[in-house]
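*Asks:* just the structure for this:
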Amino acid sequence: MAEGDAADSSRNDDELVCEIFDLIRDIKDPERPNTLEELDVVCEDGIQVQRLRPTTTKTTTTTTLTCSPSSSSSPPGGGGGDARTACGGSGDDVDDAAAQADPVLIRIAFTPTVPHCSLATLIGLCMRVKLERNLTQRSFKLDIAVMEGTHSLEEDVNKQINDKERVAAAMENPNLREMVEECIKEPDS
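*Replies:* Just a heads-up that it's a prediction; the model follows:
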């Protein structure tokens, strides 16, 4: 892969990490008035993007955290102020057709507020639904999981979140669908 192509690919991956975090950060916790970001359930460090089929080489690249807080008025982990990410760059168009065409594996690890959180599966479902609705311009595989060692039923929760049939069945349940819709609706400006 040419050096310029690798830099463009890395930049596009970095921007995708920021885009993903921007989509999931404002999802509301099902039991609290806080967002997942405010509760430290999701963070940029928990997002990885891996190209599955690069356009010019057979090697894969993985990108993790690349965004930086745009405001120093808020301590890491939230609490006061708006800690939006600065996903800067050169200002070039990030919708590069080649980068969009490459399928990517998106891995998101999240941390439930308590090890026995009964709504961890619902939180994962909310992230999955919001990302699938908003990342329509690219081909991707989504793997959402609780951070290793942070939930007492980690394996069961991960299996439910990533099973297409279980996700489809959950979204057919009107009560569950309503809860998901309420959690993922955009915050009032």
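*Asks:* each with direction, which strands does the helix or strand that contains residue 50 pair with?
*Replies:* Counting by DSSP states H and E, the element that carries residue 50 is strand 47-51. Strand 47-51 pairs in its sheet with strand 62-63 (antiparallel), strand 104-110 (antiparallel), by DSSP bridges.
*Asks:* buried stuff in stretch 168-181?
*Replies:* Of all the residues in stretch 168-181, those buried under the rule 16 or more other CB atoms under 10 Å are 170, 179-180. Placement of C-beta: from N, CA and C, glycine included.
*Asks:* give me the number of neighbouring residues for residue 10.
*Replies:* Neighbour count for residue 10, taken as other CB atoms under 10 Å: 13.
*Asks:* where among the strands paired with strand 47-51 is the average confidence lowest?
*Replies:* Mean pLDDT is lowest for strand 62-63 among the strands paired with strand 47-51, at a mean of 46.
*Asks:* mind listing which of the buried residues of stretch 168-181 are in helices?
*Replies:* Those of those mapping onto helices are 170, 179-180, per DSSP state H.
*Asks:* residues in contact with the nearest residue to residue 127 once chain neighbours are set aside?
*Replies:* Of all residues not flanking residue 127 in the chain, residue 24 sits nearest, at 5.1 Å (CB to CB, 6 or more residues apart in numbering). Residues in contact with residue 24 (CB atoms under 8 Å, 6 or more residues apart in numbering) are 36, 42, 108, 127, 130-131.
*Asks:* which of those sits closest to residue 158?
*Replies:* Closest approach between the contacts of residue 24 and residue 158, by CB to CB: residue 108, at 11.3 Å.
*Asks:* how close does the nearest residue to the closest one once chain neighbours are set aside get to residue 20?
*Replies:* Nearest residue to residue 108, sequence neighbours excluded (CB to CB, 6+ apart): residue 144, at 4.8 Å. For residue 144, the distance to residue 20 equals 11 Å [CB to CB, to the nearest Å].
*Asks:* need the overlap of contacts for those two.
*Replies:* Between them, residue 144 and residue 20 share these contacting residues under CB under 8 Å, 6+ apart: residue 108.
*Asks:* so where's this protein uncertain?
*Replies:* 1-9, 54-101, 189 (pLDDT under 70).
*Asks:* next, give me the two most distant ones among the contacts of residue 24.
*Replies:* 36 and 131 (12.7 Å).
*Asks:* no further queries at this time; thank you.
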